[in-house]
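J.: Predicted model and sequence follow; I will ask about them next.
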Amino acid sequence: MEVLKNKLQEDISKRNLPPLLDRNFIQTEDEADRVKFRIMQWNILAQALTQGDDNFIRCPPEALKWDNRQLRVVEELVRFSPSILCLEEVDMFKFLTDTLGDAGYKGIFTPKPHSPCHKFVNNMGSDGCAVFYQTDMVELLQHDSIVLRDEDNEETNQVSILCKFRLKSNKKVFYVSVCHLKAKAGFATLRHQQGKYLLEVLKKRVGSHPVLICGDFNASPKEPVYTEFIGSDLGLTSAYSQLTPARQEPKYTTWKIRGTNDGQTTESCKTIDYIWYSTDKASITSVLDIPSPEVIGDARLPSYSYPSDHFSLVCDVVIKS
């Protein structure tokens with residue numbers, strides 16, 4: 001891991017790139033003498049989707065070029081040394097596999113059935129969900145790819161991965177799922193059905209084991225799918241809601257300014273990314289903060305200082321006995 005981090009810093013310095021946005025962990029529970037692992041949730045922004053008429057018009061074009069972005073993507077992935085990475089919009093799986101492999105990670109990938117990345121020239125392939133895990137921390141016991149379904153039980157274009165892990169330190173077994181629900185306004189009902197379907201699969205698969213569900217839900221806390229997860233029989237809580245006494249989600253997990261076909265701009269600032277966990281079987285001891293508007297800057301995301309339009313979510317997890 002340190003070899004990769006040092007190499008990244010050398011390459012970043014040669015390109016005169018600024019530091020990544022500063023972030024800090026906020027402790028939510030006592031961590032003393034507790035075996036924990038670190039999990040990251042992140043929509044990393046498919047490289048192909050940095051193109052198009054609705055591009056991130058306030059982001060310098062050079063910041064979106066792959067030669068620069070690849071350094072910042074990998075830097076964000078490894079700078080907090082997560083044990084497990086849950087990623088969406090991955091259209092560079094081979095690159096990540098080769099690069100993260102040098103830091104002790106192995107990966108699993110499930111592409112979307114019909115990826116929008118193929119619409120763009122010089123694309124890197126289909127985007128989809130991926131899970132990477134540190135082999136010296138956890139053992140992968142089983143994994144399955146899931147195509148999410150609608151209310152008519154028809155397959156949709158959104159996918160999920162379900163992994164069964166065992167901690168090497170204390171042999172405790174737990175499940176991790178990563179998902180990416182349907183984007184854009186007008187699809188709240190479909191997101192709700194996709195979430196319900198995933199929860200039904202999880203209830204059948206995880207049994208009495210703890211489960212963590214990471215994903216870009218493309219849904220605010222006001223949408224039905226959020227309510228569905230809150231009320232699930234799995235006893236789920238959103239990790240980032242633990243940051244406030246009122247148990248409220250952060251004000252945003254994505255903040256971007258894009259262009260429109262008529263030459264105008266639209267600004268989107270909302271919370272749509274989550275890490276859910278089994279409250280009675282796991283606990284969260286610390287959570288990575290979300291940068292303030294002043295730190296992010298007026299151009300919002302992405303930028304030279306952050307390579308995606310979504311912030312990564314990172315927390316430390318303890319599996320209860």
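T.: Perfect, thanks for sending it. Given the structure is predicted, the values throughout are model-derived calculations rather than measurements.

J.: number of nearby residues for Ser83?
T.: Ser83 sits with 21 neighbouring residues when counted by other CB atoms under 10 Å. (Glycine included, C-beta is placed from N, CA and C.)

J.: residues contacting it?
T.: Phe37, Arg38, Ile39, Tyr133, Gln134, Met137, Val138 (CB atoms under 8 Å, 6 or more residues apart in numbering).

J.: ok, and the fourth one, which helix or strand is that part of?
T.: Here Tyr133, judged by DSSP states H and E, is contained in strand 128-134.

J.: For the closest residue to Asp280 other than its chain neighbours, give me its contacts.
T.: In space, Asp280 comes closest to Gly235 once its chain neighbours are excluded; the distance is 5.4 Å by CB to CB, 6 or more residues apart in numbering. By CB under 8 Å, 6+ apart, Gly235 lies in contact with Ser278, Thr279, Asp280, Lys281.

J.: And Asp233, what's its pLDDT?
T.: Note on Asp233: pLDDT of 96.

J.: Please confirm that it is located within a helix.
T.: No - counting by DSSP: H, G, I helix; E, B strand; the rest coil, Asp233 is not part of a helix but coil.

J.: The nearest residue to it once chain neighbours are set aside: neighbouring residues, count only.
T.: Nearest in space to Asp233, with sequence neighbours left out and distances taken as CB to CB, 6+ apart, is Lys203 at 6.1 Å. By other CB under 10 Å, the residues close to Lys203 number 13.

J.: how close does Lys203 get to Tyr226?
T.: 18 Å (CB to CB, to the nearest Å).

J.: Show me which helix runs longest in the protein.
T.: Ordering each helix of the chain by length in residues (DSSP state H) puts helix 188-205 first.

J.: What is the subsequent helix or strand relative to that one?
T.: strand 211-216.

J.: which residues touch whichever helix or strand comes after that following strand?
T.: Helices and strands here follow DSSP H and E; after strand 211-216, the next one along the chain is helix 224-230. Applying CB under 8 Å, 6+ apart, the set of residues contacting helix 224-230 from outside is 181, 188-189, 191-192, 194-196, 199, 213, 217, 219-220, 236, 238, 274, 276.

J.: and Val35, what is it in contact with?
T.: Leu167, Ser169, Asn170, Lys172, Val318, Ile319.

J.: Let me know the secondary structure of the fifth one.
T.: What that stands for is Val318. Going by three-state DSSP: Val318 is strand.

J.: Please look at it and Thr285 and confirm they touch.
T.: Yes - with contact defined as CB atoms under 8 Å, Val318 counts as touching Thr285 (5.9 Å).

J.: Mutual contacts of those two, please.
T.: With CB under 8 Å, 6+ apart, Val318 and Thr285 have common neighbours Glu29, Arg34, Lys36.

J.: Quick one, which of these are buried?
T.: Buried members of those, scored by 16 or more other CB atoms under 10 Å, are Lys36.

J.: all strands of the stretch 1-150 of the chain, in order?
T.: 25-27, 36-43, 84-90, 105-111, 128-134, 138-149 (DSSP state E, counting those that start in this stretch).

J.: Save these as TSV, and put in mean pLDDT and distance to Pro250 too.
T.: TSV is the format used below for the strands of the stretch 1-150 of the chain (pLDDT from 0 to 100; distance: least, CB to CB, whole Å):
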stretch	mean pLDDT	distance to Pro250
strand 25-27	95	11
strand 36-43	98	13
strand 84-90	98	18
strand 105-111	98	27
strand 128-134	98	22
strand 138-149	98	25
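
J.: ok, and which of those has the densest surroundings?
T.: Comparing those by mean neighbour count (mean count of other CB atoms under 10 Å), strand 84-90 comes out on top with a mean of 28.

J.: The residue nearest to the spatial centre of the chain - nearest residue in space that isn't next to it in sequence?
T.: What sits nearest the mean C-alpha location of the chain, by CA atoms, centre = their mean, is Trp42, with 2.1 Å. Once flanking residues are discounted, Trp42 sits nearest to Ser312: 3.8 Å by CB to CB, 6+ apart.

J.: Spell out which residues sit in contact with that neighbour, please.
T.: Taking CB under 8 Å, 6+ apart as the test, what Ser312 contacts is Met40, Gln41, Trp42, Glu76, Leu288.

J.: name the element the residue lying closest to the last one once chain neighbours are set aside belongs to?
T.: Take Leu288 and drop its neighbours on the chain: the residue closest to it by CB to CB, 6+ apart is Val314, 3.9 Å away. Remark: Val314 resides in strand 313-319, with elements defined by DSSP H and E.
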